[in-house]
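Asker: following is a predicted model, sequence given first.
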Amino acid sequence: MQRGGEGEEEEEDGEDDGGPESALQKSPFQLTAEDVYDISSVVGRDLLQLSAGPEAPAAAARLQFSMVRVLEMLEALVSEGSLTEEQLRMERDSLRAELEALRGRAAAGSAQQVGGESGASSCSKQT
């Protein structure tokens, strides 16, 4: 009996989200593993219908739409990944430059400290 209840819940969930086709409407950054399987189901169904005779033109149009949308999603994901990668490179380079500047200041401070101590000892020897 509980199984029937679970099935009904799943059907209700499917109705709320508009079925597998709704995964194609989502932002690429909001996709879940289930959405990927839904998209695969939609594309597979349309591929099978390509050989269905009179429904082939409609299936071809749906398939074309689905494939274009999948490619747009992939482009968005790749672009976002490239931007993130570029931002990380810039941050790394900035941190390296800052580290080098700090090392340079530390080395200059050490040299001044050593120079100041030797100058002080020269003065005390002269007196």
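Answerer: Happy to help now that I have it.
Asker: biggest helix in the protein, by residue count?
Answerer: In the chain, with assignment by DSSP state H, the single longest helix is helix 56-126.
Asker: and the average pLDDT for it is what?
Answerer: For helix 56-126, the mean pLDDT works out to 81.
Asker: equivalent analysis for stretch 28-38, please.
Answerer: Mean predicted lDDT for stretch 28-38 stands at 87.
Asker: could the C-alpha coordinates of that stretch be exported in PDB?
Answerer: C-alpha atoms of stretch 28-38 as PDB (Å, rounded to 0.1, in the frame of the first residue of the first chain):
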ATOM      1  CA  PRO A  28      22.400  25.100 -16.600                       C
ATOM      2  CA  PHE A  29      23.600  26.000 -13.100                       C
ATOM      3  CA  GLN A  30      20.400  24.600 -11.500                       C
ATOM      4  CA  LEU A  31      20.500  21.200 -13.200                       C
ATOM      5  CA  THR A  32      20.500  18.100 -11.100                       C
ATOM      6  CA  ALA A  33      21.500  14.500 -12.100                       C
ATOM      7  CA  GLU A  34      17.800  13.700 -12.500                       C
ATOM      8  CA  ASP A  35      17.500  16.600 -15.000                       C
ATOM      9  CA  VAL A  36      20.300  15.200 -17.000                       C
ATOM     10  CA  TYR A  37      18.500  11.900 -17.200                       C
ATOM     11  CA  ASP A  38      15.300  13.700 -18.100                       C
END
